[in-house]
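Chemist: Whatever this is, show me its structure:
(one chain, ligands or ions: 4)
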Amino acid sequence: MTSSDIRRAFLDFFKNKGHEIVPSAPIVIKNDPTLMFTNAGMNQFKDYFLGNKQAPYKRVADTQKCLRVSGKHNDLEEVGVDTYHHTMFEMLGNWSFGDYFKAEAIAWSWELLTEVYKIDKDRLYVTVFEGDSAEGLPKDDEAFNEWKKHIAGERILMGNKKDNFWEMGDTGPCGPCTEIHYDGRSDEERKAVDGKTLVNADNPQVIEIWNNVFIQFNRLKDGSLEPLPQKHVDTGMGFERLVRVLQGKQSNYDTDVFTGTINAIENIVNKKYDYSDSKEAVAFRVLSDHIRAISFTIADGQLPSNTGAGYVIRRILRRAVRYYYSYLDYKQPLLFQLLPVIAKQFEHVFPELKKQEDFVTKVIKEEEDAFLKTLEKGIKKFDAYIEDSEYIPDYFSEENSTKKETILKNNKILEGADKKIINGVFAFELNDTYGFPIDLTELMAKEKGWTVDIDGFNQALQQQKHRSRAATAIDTEDWVIVGDEFSQNEFVGYDSLEVKTRIVKYRK
Ligand code: ATP
Ligand code: MG
Ligand code: MG
Ligand code: MG
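Modeler: Ligands and ions are numbered 1, 2, ... in the order given. Model (predicted):
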């Protein structure tokens, strides 16, 4: 089955079970102060669970564009290093708003996976909430008994509150969940540990594919639970992981969701992706992942900028640029060249990208151009700092122009030779002069076995904010958008190309 067939089969299955198929909500969330980006299928339905709004349909299903790069769910560091966490991914989901509950949800999950997708039953495990007496939370016997109808008791594992109980916040709707895991180890490996069930992080080939949440309680301010009059089902299945299972691959990146992009990168950089754990292979995976996050977020209306959600996107983009620059030895803008592949691939699922292909391409290329102007110098500074213990970063000589001794005191040397901490002021210099987001400096440091003095960095950042606030009475925005609906306007270009402040204009 191709990935398109797999997605279609999911939606058709739930349509046949009386679900309304609804579109994905945008990745970018504009009206919720608690969340920058959609990170789960349920986000767009939050008000139904909270009882603020009445759901127009009792059963819905969809595929939702999700982004997990900030806040409670931040998978950025896993991406490309492991083979199943992405920044942007599709979450397939089905919901019941006060309609069906555990029996149907569990039976349908099983039916879809084993009868429609024909996954080997012997490779599936499920987890059920074990209860938590200290918190007054009961064991989920109901889910356990439903699962017993489909799967042998020893394949139903008990899970703790962290993994198997879902809550939106300290108060409000909550409930137990049951997760479905797939064991993708080879037959030999499975035989070798005969009978031992592995779930989750024990082995990278054993992955969680689907989570079914049963929202049945309301947590009150005093911490007690009351049963909800209307119970809900909220499920989420990682589409790319499902495709990996069904296409019999060892990595999400080996499925047709990613191979088109990886091939395009191979052609651009004139190197072969070798499936390994090498830095080069990680770079291939990171790029093929990050381009999706960047493109879809821009298409949904969030431009890269120096603040808030826009800065999250700029950080991901610069992280990607540094990966191709350092590990694929490619020194020109690359990401924008991948747009035709992605836009075409998703034309019939998320047409918003294809519709704005030229615009998104231009924005990405301008971003890449701008960062490439300072990246090389920044990397040289960074290497000099790491390799030369006598090296004094510019900002020290400027701000601390006293004695070298004082400078070195602030520097890594006197912090202990084996401590290897990048000074916060230097991290700030990389940020301020060369546009290195702090997490990029942290990543580069980590690769060399160093850490970064984040407190020192934040202090330096604060100091600069005070200085610039004093210098300019008015706060200027990073991007100025002229016109109402930017996505329909024509991109004219940056007024200025400095890394820090840039102005974009759109013409009707
Ligand atoms: P994991 O434990 O693997 O990090 P999770 O428990 O955080 O997953 P959920 O919040 O339960 O994930 O989301 C529902 C489903 O979405 C998961 O079962 C998984 O298949 C998928 N998923 C979660 N995070 C990612 C990600 N970063 N990339 C791809 N798929 C993901
Ligand atoms: Mg997770
Ligand atoms: Mg999990
Ligand atoms: Mg989960």
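Chemist: Only C-alpha atoms from now on, for both contacts and neighbour counts.
Modeler: OK.
Chemist: Can you name the residues of the stretch 51-200 of the chain that neighbour ligand 1?
Modeler: Proximity of the stretch 51-200 of the chain to ligand 1 (CA under 6 Å from any ligand atom) is limited to residues R68, D75, Y84, H85, H86, T87, F89, M91.
Chemist: Check for me that the last one belongs to a helix.
Modeler: Going back to what we said before, that points to M91. No: assessed by DSSP: H, G, I helix; E, B strand; the rest coil, M91 does not belong to a helix; its assignment is strand.
Chemist: show me the contacts for it.
Modeler: Neighbouring residues of M91 by CA atoms under 8 Å, 6 or more residues apart in numbering: A40, G41, T63, Q64, K65, C66, G236, M237, G238, F239.
Chemist: on that earlier part again, out of the residues of the stretch 51-200 of the chain next to ligand 1, which is most surrounded?
Modeler: Counting neighbours by other CA atoms under 10 Å, H86 leads these with 29 neighbours.
Chemist: For that one, give me the backbone phi and psi.
Modeler: Per-residue torsions, H86: phi -110, psi 160 (degrees, to the nearest 10).
Chemist: Surely it and L287 touch.
Modeler: No: the pair H86 / L287 is not scored as a contact, 11.0 Å apart, by CA atoms under 8 Å.
Chemist: give me the element G236 is part of.
Modeler: G236 belongs to strand 225-238 when assigned by DSSP states H and E.
Chemist: Given that strand, what are its sheet partners and their directions?
Modeler: Each strand paired with strand 225-238, and its direction, by DSSP bridges: strand 88-97 (antiparallel), strand 206-219 (antiparallel).
Chemist: Deepest-packed of these, please.
Modeler: strand 88-97 (a mean of 25; mean count of other CA atoms under 10 Å).
Chemist: following it, which helix or strand shows up next?
Modeler: Using DSSP H and E, the helix or strand that follows strand 88-97 in sequence is helix 102-111.
Chemist: Just the buried residues of that following helix, please?
Modeler: By neighbour count on 16 or more other CA atoms under 10 Å, the buried set for helix 102-111 is K102, A105, I106, W108, S109, W110.
Chemist: Make TSV from those residues and add pLDDT to it.
Modeler: What follows is the buried residues of helix 102-111, written out as TSV (pLDDT from 0 to 100):
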residue	pLDDT
K102	98
A105	98
I106	98
W108	98
S109	98
W110	98
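Chemist: residues in contact with the strand holding G236?
Modeler: Contacts for strand 225-238 (CA under 8 Å, 6+ apart): 40-42, 49, 89-102, 105, 136, 173, 209-220.
Chemist: Mind doing that once more with 7 Å?
Modeler: Contacts of strand 225-238 from elsewhere in the structure, counted by CA atoms under 7 Å, 6 or more residues apart in numbering, are 41-42, 90-99, 101, 209-219.
Chemist: So the residue in the stretch 351-500 of the chain positioned nearest to ligand 1: helix, strand or coil?
Modeler: When scored by CA to the nearest ligand atom, the stretch 351-500 of the chain has D439 as its residue closest to ligand 1, at 17.9 Å. Three-state assignment for D439 (three-state DSSP): helix.
Chemist: again with the one 10 residues further on
Modeler: Secondary structure for G449, judged by three-state DSSP, is coil.
Chemist: which residues does N74 bridge with?
Modeler: Beta-bridge pairing for N74 (DSSP bridges): V69.
Chemist: Strands along the stretch 351-500 of the chain, start to end?
Modeler: Assigned by DSSP state E, counting those that start in this stretch, the stretch 351-500 of the chain shows strands spanning 421-422, 451-452, 490-494.
Chemist: Taking helix 102-111 as reference, get the angle to the strand holding G236.
Modeler: Angle between the axes of strand 225-238 and helix 102-111 is 10 degrees (criterion: axes from the mean of the first three to the mean of the last three CA atoms, to 10 degrees).
Chemist: buried residues in strand 225-238?
Modeler: L225, L228, K231, H232, V233, D234, T235, G236, M237, G238.
Chemist: Okay, the third one and D432: tell me how far apart.
Modeler: The reference is to K231. K231 is 51 Å from D432, where distance means CA to CA, to the nearest Å.
Chemist: and if you look at the second one?
Modeler: Taken as CA to CA, the spacing of L228 relative to D432 amounts to 51 Å.
Chemist: Tell me how far the closest residue to Q337 other than its chain neighbours lies from Q205.
Modeler: What sits nearest to Q337 in space, not counting adjacent residues and going by CA to CA, 6 or more residues apart in numbering, is T361, at 7.7 Å. To Q205, T361 is 35 Å away according to CA to CA.
Chemist: tell me which element C66 falls in.
Modeler: According to DSSP H and E, C66 maps onto strand 59-67.
Chemist: Just confirm R185 is within a strand.
Modeler: No: if the criterion is three-state DSSP, then R185 is coil and not within a strand.
Chemist: I'd like to know how many residues surround the closest residue to it other than its chain neighbours.
Modeler: Of all residues not flanking R185 in the chain, Q205 sits nearest, at 5.4 Å (CA to CA, 6+ apart). Q205 has 20 neighbours, counted by other CA under 10 Å.
Chemist: Looking at Q205 now. What's its pLDDT?
Modeler: Per-residue pLDDT puts Q205 at 88.
Chemist: now G424
Modeler: At G424, the pLDDT value in this model is 86.
Chemist: For K381, see how far away it is.
Modeler: Distance of G424 to K381, computed by CA to CA: 14 Å.
Chemist: Those two: which has the busier surroundings?
Modeler: More crowded of G424 and K381, by other CA under 10 Å: G424, with 23 against 20.
Chemist: same for the helix ranked longest in the chain, what does it pack against?
Modeler: Longest helix of the chain, by residue count under DSSP state H: helix 357-387. Judged by 3 or more CA pairs under 7 Å, 6 or more residues apart in numbering; DSSP states H and E, helix 357-387 is in contact with helix 279-299, helix 339-345, helix 424-434.
Chemist: Give me the contacts around the shortest one.
Modeler: To tie it back to what came earlier, the one meant is helix 339-345. In contact with helix 339-345 (CA under 7 Å, 6+ apart) are residues G260, T261, L353, K354, E357, T361.
Chemist: In CSV, list the residues you listed along with distance to ligand 1, neighbour count and pLDDT.
Modeler: Formatted as CSV, the contacts of helix 339-345 follow (distance: CA to the nearest ligand atom, whole Å; neighbours: other CA atoms under 10 Å; pLDDT from 0 to 100):
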residue, distance to ligand 1, neighbour count, pLDDT
G260, 18, 18, 98
T261, 17, 25, 98
L353, 20, 25, 98
K354, 23, 21, 98
E357, 24, 19, 98
T361, 24, 19, 98
